[in-house]
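1. Give me coordinates for this.
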Amino acid sequence: MADNDDVKTLSFEAALAQLEEIVGKLESGRAPLAESIAIYERGEALKKHCEALLQAAEARIEKITLSRDGKPTGTEPLDA
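-> Numbers count the residues shown, from 1 in each chain. The predicted structure is shown next:
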């Protein structure tokens, strides 16, 4: 299995860009089998990293609550 520890340090945008590049290579069928397996494994690591970053972002999103007169009173989870 390839060493994909660097994936954990990538921003969401960088990881997504690499994932899109990998999908393109795999769909083209131009990569030899050994390379295809290695980039597929990297793609899996990138996918998991992107999912984790999205879940963390979702957990941080909050809705501002307002009083009857329209003044902010605090926050609550978006999906409450």
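2. quick one, helices of the chain?
-> For the chain, the helices defined by DSSP state H occupy 12-28, 33-60.
3. gap between the last one and the chain center?
-> When you say that, I think you mean helix 33-60. The chain centroid and the centroid of helix 33-60 are separated by 7 Å under C-alpha atoms, centre = their mean, to the nearest Å.
4. State the distance from the most centrally placed residue in the chain to Glu21.
-> Centroid check for the chain by C-alpha atoms, centre = their mean gives Cys50 as the closest residue, at 1.5 Å. In this structure, Cys50 lies at 14 Å from Glu21, with C-beta to C-beta, to the nearest Å as the measure. Placement of C-beta: from N, CA and C, glycine included.
5. picking that back up, which one of the helices of the chain lies nearest to Asp5?
-> In terms of C-beta to C-beta, the element of those nearest to Asp5 is helix 33-60, at 8.8 Å.
6. buried sites along that closest one?
-> Within helix 33-60, the residues scored as buried using 16 or more other C-beta atoms under 10 Å are Ala38, Ile39, Arg42, Gly43, Ala45, Leu46, Lys47, His49, Cys50, Leu53.
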